[in-house]
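Chemist: Quick check, what structure comes out for this input:
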Amino acid sequence: MLRVRLVSMVFVVGLVLVLQGCAETSTQRMINANDHNGLANYYTQQAQEMREKAKQWESWAEFYDKHSDPHGKTEPKQHAAHCRAIAQNNLKAADEADALAQEHRAMRPHGIIQ
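Modeler: Below is the predicted model of the structure:
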């Protein structure tokens, strides 16, 4: 009985520690630590990823422009327009991430260069 309780308690404590680790994201840790350099790098990386996604969506739009055969109920021009809209949304998100990165660079303590 004591052994079952001990094993159960160890399991619960371990589970709580794991959940606490999952509850706080890396960005949340950086915010809590006032790690503006880390946040600037994070948002710069996010902007790059969003621009890469935009390029991919734009290439799909070009594919639909070149292949005008109908694909189901939606016309290829509609597919192309849809892909371009997503590409534009990704570019807008990238610009916003760049702006956040710039804001965090401005908040870094003096003397940190990167």
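
Chemist: Pretty sure Ala47 sits against Asp98.
Modeler: Yes: at 4.6 Å, Ala47 counts as touching Asp98 under the criterion of CB atoms under 8 Å. C-beta here means a position set from N, CA and C on the backbone, and glycine is covered the same way.

Chemist: With neighbour numbers in mind, choose between the two.
Modeler: Comparing Ala47 with Asp98 by other CB atoms under 10 Å, the one with more neighbours is Ala47, at 21 against 17.

Chemist: Not counting its neighbours along the chain, what's nearest Asp69?
Modeler: Nearest residue to Asp69, sequence neighbours excluded (CB to CB, 6 or more residues apart in numbering): Pro76, at 7.0 Å.

Chemist: neighbours around the one you found, how many?
Modeler: Neighbours of Pro76 under the rule other CB under 10 Å: 17.

Chemist: phi, psi of it?
Modeler: Geometry field for Pro76 lists phi and psi as phi -60, psi -40, criterion degrees, to the nearest 10.

Chemist: Please name the residues that touch it.
Modeler: Residues in contact with Pro76, defined by CB atoms under 8 Å, 6 or more residues apart in numbering, are 64-65, 67-70.

Chemist: can you check Gln102 too?
Modeler: Here Gln102 is in contact with Ala40 (CB under 8 Å, 6+ apart).

Chemist: In the helix or strand containing it, which residues are buried?
Modeler: For Gln102, the element it lies in under DSSP states H and E is helix 76-107. Across helix 76-107, burial judged by 16 or more other CB atoms under 10 Å covers 76, 79-80, 83-84, 86-87, 90-91, 93-94, 97-98, 100-101, 104-105.

Chemist: Can you name the residues that contact the residue minimising distance to the centre of the chain?
Modeler: Using CA atoms, centre = their mean, the residue of the chain that lies closest to the mean C-alpha position is Gln46, 5.6 Å off. By CB under 8 Å, 6+ apart, the contact list for Gln46 reads 93-94, 97.
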